[in-house]
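K.L.:
Pasting the sequence and the predicted model now:
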Amino acid sequence: MALMSDTLTEILIPVAAVIGIVYALLQWFLVSRISVKPGLQPSVNNGYNDYLIEEEGMDDNAVVSKCAEIQQAISLGANSFLLTEYKYLLVFMGLFAVIIFVFLGSVKGFSTQTQPCVYDPSAECSPALFTALFTTVAFILGALTSVLSGYLGMKIATYANARTTLEARKGVGKAFIIAFRSGTVMGFLLSANGLLVLYIAINLFKLYYKNDWEGLFEAITGYGLGGSSVALFGRVGGGIYTKAADVGADLVGKVERNIPEDDPRNPAVIADNVGDNVGDIAGMGADLFGSYAESSCAALVVASISSFGTSHDLTAMCFPLLISSMGIIVCLVTTLFATDFFEIKQVKQIEPSLKRQLLISTVLMTIGIALVCWLSLPSTFHIYYVGHEPKIVHNWQLFFCVAVGLWAGLVIGYTTEYFTSNAYGPVQDVADSCRTGAATNVIFGLALGYKSVIIPIFAIAVAIFVSIALSAMYGTAVAALGMLSTMATGLAIDAYGPISDNAGGIAEMAGMSHRIRERTDALDAAGNTTAAIGKGFAIGSAALVSLALFGAYVSRAEISKVDVLSARVFIGLIVGAMLPYWFSALTMKSVGKAALKMVEEVRRQFETIPGIMEGTAKPDYATCVKISTDASIREMIPPGALVLLTPLIVGTFFGVQTLAGVLAGALVSGVQIAISASNTGGAWDNAKKYIEAGASDHALSLGPKGSDSHKAAVIGDTIGDPLKDTSGPSLNILIKLMAVESLVFAPFFAAHGGLLFKI
């Protein structure tokens, strides 16, 4: 038995979640102390008002009023889009909930009689009808939590953007702290809410299931399905929105009209800034919540049919939740290094400070994992292993499984940073290729993206080998949790990027000084890299989560082995490998179609509204916002339908073996395309910023803004936009969502699937 009592476990998990929520609210309070209301001046120290250090000669009230006006426009646009999107998602949730209930209820003919358990036939398990009902409830709960995660992230970002702009007048360090604190609010709220809701759901379901842990944790898998299905639409819809606006704004504004980025004369500028919040913030929040929910569900399902579940060892069973609880505490300590222990005084300190967050959280979490393994796990236990005898595992082996996932995440993060930061050779080479035009820029960028796949794939491969060798599929599930254990820190540095990007846009639109824009640009350049790191974490964890879910699916569908040489499996494998390409084609073309309309509208306004270029007439921002909103809502349906319908069609008509092949194929090809697409787009973006900043002799030789090299870089950045913010990030949800959906419907597929082979 574990050293820690069940009672203590039941106290520590919700306490850690509450600490995370309280800490997030504290950070929110500290951010809210920056006023965006005119006339409310900050305190004067020693008779000197430091608020106006860089804005002498400007009317402070006018600056604050302008920032508040722009912030409100961005907030209203983001709010409008998300509420429209959520109306459609509510309809989807209702329809899919019915499908879950009907499919799972029909496994035993909607029987209300108890049945022999799958893994212990001598025991009685709950009726299939009630498992179908509770799975449906868990799905709705996961979907609503995912919606809440995305919405809270958006509200925080739109609350903080103007405050970051105003703090940039005091110096880059002040602005950095506000942007980072705001990201911290999102990171901790999402991590703590995900943990708390899952813990409450388990305890409420236990009131009915009592000692039937097999049925209980089978029903809980609906939580992961709900979280990921909403995340898919959030990622795809938000990605289409933001990139349609971004491409339209860049092509007409920067390339054709030669005006700066975020210039208020550009009709698409508000839509572009709204897009940062609904795509990069709300989409990423829902995405990582989905990863957390799925990895927890995969670990709980495998544990419930292993010795933890059969012996009803609650503390050991809650090991995944205890890892997440420790992660919240570790991340809390880690954030203090950025906000309290070290002060940012120069631009060059920003990126190292953010990188330090990753390293500190990983080192501290390694110690935390050792502590959790020692206190919560028995010295030896059995793990269910598909097609084999149960595997005997020691608690120290599980420590290495979690730790290898955690450190693989750090390797992926640092590799992503190397290939996407303009401080290193790869991005500088891409920038240098712009001398000879857009074509060479595109060639160099694609090569960089392909090359950037190598190290992350080796890191994922090592993590998979070690975790399976030590603890079978349960090891892979907790390795994924290890990678996600520092999610609060990962989300904080990821959300920091779009907040800084918005802050720069507001500074430009408010007509603030060039020095303020330089500071926000420096914050934004570091933010681009941290956003790429966040995507790397999301993709890496998706690979491990998907494999863990695959193992749970194979167990639940009672598949003894998956034979690649079998025709049924191989056709699934090759079709599954094709799906990420089909999905990417749909999302890329969606961005292209929406961007085409945006370009035409921006051109129309420049040509038909006199005085826009002179700054004497105001563009029609609302029309551009509407174009992005309508296009994203309409275009997110086909990719979503492809992902959600594929497992249902394959499992029902071709059976569990073919579906296993589809899942494996999608995993293998999807992860590599996702990494390549995200890093290619990130490198093109930072190559453009490298030329614009002109911070070195090499960069100065490529500039200035408006030069041929800069225009080539803008074209590369524009091509990369849908790769890094739509197709790439959405692919990790594709591989996770198909796997968790297959797990949820596995009993139905096992009982009634393969109709074509039964004819």
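P.N.:
On my side now, so go ahead.
K.L.:
now the strands: where do they sit in the stretch 301-450 of the chain?
P.N.:
Taking DSSP state E, counting those that start in this stretch, the strands of the stretch 301-450 of the chain run over residues 380-383, 391-394.
K.L.:
Among these, which comes closest to T145?
P.N.:
When the strands of the stretch 301-450 of the chain are compared for distance to T145 using CB to CB, the nearest one is strand 380-383, at 28.5 Å. (C-beta placed from N, C-alpha, C; glycine too.)
K.L.:
Quick check: buried residues in that closest one?
P.N.:
381, 383 (16 or more other CB atoms under 10 Å).
K.L.:
ok, back up a step: among the strands of the stretch 301-450 of the chain, which is nearest T718?
P.N.:
That would be strand 380-383 among the strands of the stretch 301-450 of the chain, by CB to CB, at 49.1 Å.
K.L.:
Can I get the strands of the stretch 301-450 of the chain in a markdown table including mean pLDDT and distance to A73?
P.N.:
As requested, the strands of the stretch 301-450 of the chain are arranged in a markdown table below (pLDDT from 0 to 100; distance: least, CB to CB, whole Å):
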| stretch | mean pLDDT | distance to A73 |
| --- | --- | --- |
| strand 380-383 | 88 | 54 |
| strand 391-394 | 89 | 56 |
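K.L.:
can those strands go into TSV with extra columns for distance to V269?
P.N.:
Formatted as TSV, the strands of the stretch 301-450 of the chain follow (distance: least, CB to CB, whole Å):
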stretch	distance to V269
strand 380-383	55
strand 391-394	56
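K.L.:
ok, and the closest non-adjacent residue to V411?
P.N.:
The shortest distance from V411 to any non-neighbouring residue, by CB to CB, 6 or more residues apart in numbering, is to A459 (4.3 Å).
K.L.:
Contact partners for the one you found?
P.N.:
Listed by CB atoms under 8 Å, 6 or more residues apart in numbering, the contact set of A459 reads 408, 411-412, 415, 540.
K.L.:
again, but for L448
P.N.:
Applying CB under 8 Å, 6+ apart, we find L448 in contact with 419, 426-427, 429-430, 679-680, 683.
K.L.:
pLDDT score assigned to the residue nearest to V411?
P.N.:
Model confidence at A459, given as pLDDT, is 94.
K.L.:
next one: the one 5 residues further on
P.N.:
I464 is assigned a predicted lDDT (pLDDT) of 93.
K.L.:
Generate a ChimeraX selection restricted to the buried subset of the contacts of L448.
P.N.:
To isolate the buried members of those in ChimeraX, using 16+ other CB under 10 Å:
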select :419,426,427,430,679,680,683
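K.L.:
Nearest to L204 among the strands of the stretch 301-450 of the chain would be which one?
P.N.:
strand 380-383 (26.7 Å).
K.L.:
follow-up on the earlier one: same list, the contacts of A459, but as JSON lines with distance to A488 please.
P.N.:
Compiled in JSON lines, the contacts of A459 are given as follows (distance: CB to CB, whole Å):
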{"residue": "A408", "distance to A488": "19"}
{"residue": "V411", "distance to A488": "20"}
{"residue": "I412", "distance to A488": "18"}
{"residue": "T415", "distance to A488": "22"}
{"residue": "G540", "distance to A488": "17"}
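K.L.:
quick one: which of the residues you listed sit in helices?
P.N.:
Here DSSP state H is the test, and the contacts of A459 give 408, 411-412, 415, 540 as lying in helices.
K.L.:
ok, S353 touching K345?
P.N.:
No - counting by CB atoms under 8 Å, S353 stays clear of K345, with 10.7 Å between them.
K.L.:
I'd like to know how many residues surround E389.
P.N.:
8 (other CB atoms under 10 Å).
K.L.:
ok, so what distance separates it from I383?
P.N.:
Distance of E389 to I383, computed by CB to CB, to the nearest Å: 11 Å.
K.L.:
now do V278
P.N.:
41 Å.
K.L.:
Next: S452.
P.N.:
From S452 over to I383 (counting by CB to CB), the distance is 34 Å.
K.L.:
Would you mind checking the average pLDDT for stretch 624-644?
P.N.:
Rounded mean pLDDT across stretch 624-644 is 91.
K.L.:
same thing with stretch 425-442?
P.N.:
So the average pLDDT for stretch 425-442 ends up being 94.
K.L.:
How far does it sit from its chain's centre?
P.N.:
Centroid displacement of stretch 425-442 relative to its chain, using CA atoms, centre = their mean, to the nearest Å, is 29 Å.
K.L.:
got it, and stretch 86-98?
P.N.:
Distance of stretch 86-98 from the chain centroid (CA atoms, centre = their mean) equals 22 Å.
K.L.:
Show residues contacting that stretch.
P.N.:
Residues outside stretch 86-98 that contact it (CB under 8 Å, 6+ apart): 136, 139-140, 143, 147, 151, 226, 229-230, 233, 633, 640, 644.
K.L.:
still on that earlier bit, and S353 and K345? which has more neighbours close in?
P.N.:
Just comparing S353 and K345: by other CB under 10 Å the higher neighbour count belongs to S353, 19 against 11.
K.L.:
How confident is the prediction for that one, by pLDDT?
P.N.:
Reported pLDDT for S353: 87.
K.L.:
for it, what are its contacts?
P.N.:
176, 338, 342, 344.
K.L.:
and if you look at A179?
P.N.:
160, 164, 496, 499-500, 503, 523, 527.
K.L.:
Which of the residues you listed has the largest number of neighbours?
P.N.:
S500 (36 neighbours).
K.L.:
Now do the helix or strand that one falls within: which elements does it pack against?
P.N.:
If you go by DSSP states H and E, S500 is part of helix 487-509. Applying 3 or more CB pairs under 8 Å, 6 or more residues apart in numbering; DSSP states H and E, one finds that helix 487-509 contacts helix 60-105, helix 128-167, helix 172-209, helix 269-275, helix 282-304, helix 319-336, helix 350-376, helix 514-556.
K.L.:
Now tabulate those helices in TSV and tack on distance to E601.
P.N.:
Output for the helices and strands packed on helix 487-509, formatted as TSV (distance: least, CB to CB, whole Å):
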stretch	distance to E601
helix 60-105	15
helix 128-167	23
helix 172-209	31
helix 269-275	10
helix 282-304	24
helix 319-336	42
helix 350-376	36
helix 514-556	26
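K.L.:
so which of the ones you listed gets nearest F444?
P.N.:
Evaluated over the helices and strands packed on helix 487-509, closeness to F444 peaks at helix 514-556, with 16.9 Å, by CB to CB.
K.L.:
Compute the inter-axis angle for the closest one and helix 60-105.
P.N.:
Here helix 514-556 runs at an angle of 10 degrees relative to helix 60-105 (axes from the mean of the first three to the mean of the last three CA atoms, to 10 degrees).
K.L.:
Going forward, count from 19.
P.N.:
In the new count, where the first residue is 19, that last one comes out as helix 532-574.
K.L.:
Tell me the first helix or strand C-terminal of helix 532-574.
P.N.:
helix 585-626.
K.L.:
Pull the distance from that following helix to the chain's centre.
P.N.:
The answer for helix 585-626 is 20 Å, by CA atoms, centre = their mean.
K.L.:
Who are the packing partners of that helix?
P.N.:
For helix 585-626, the packing partners by 3+ CB pairs under 8 Å, 6+ apart are helix 231-266, helix 639-653, helix 655-672, helix 674-711, helix 726-740, helix 746-770.
K.L.:
Just the C-alphas of the third one, formatted as CSV.
P.N.:
So the one you mean is helix 655-672. Taking Å, rounded to 0.1, in the frame of the first residue of the first chain, the C-alpha atoms of helix 655-672 are listed here in CSV:
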residue,chain,number,x,y,z
ILE,A,655,-17.5,22.4,-40.3
PRO,A,656,-15.9,20.2,-43.1
PRO,A,657,-12.6,19.6,-41.2
GLY,A,658,-14.5,18.9,-38.0
ALA,A,659,-16.9,16.5,-39.7
LEU,A,660,-13.9,14.6,-41.3
VAL,A,661,-12.3,14.0,-37.9
LEU,A,662,-15.4,13.1,-36.0
LEU,A,663,-17.0,10.9,-38.6
THR,A,664,-14.0,8.9,-39.6
PRO,A,665,-13.8,6.7,-36.5
LEU,A,666,-17.6,6.2,-36.5
ILE,A,667,-17.6,5.1,-40.2
VAL,A,668,-14.5,3.0,-40.1
GLY,A,669,-15.4,1.3,-36.8
THR,A,670,-19.0,0.6,-37.8
PHE,A,671,-18.3,-0.7,-41.4
PHE,A,672,-14.7,-2.0,-41.3
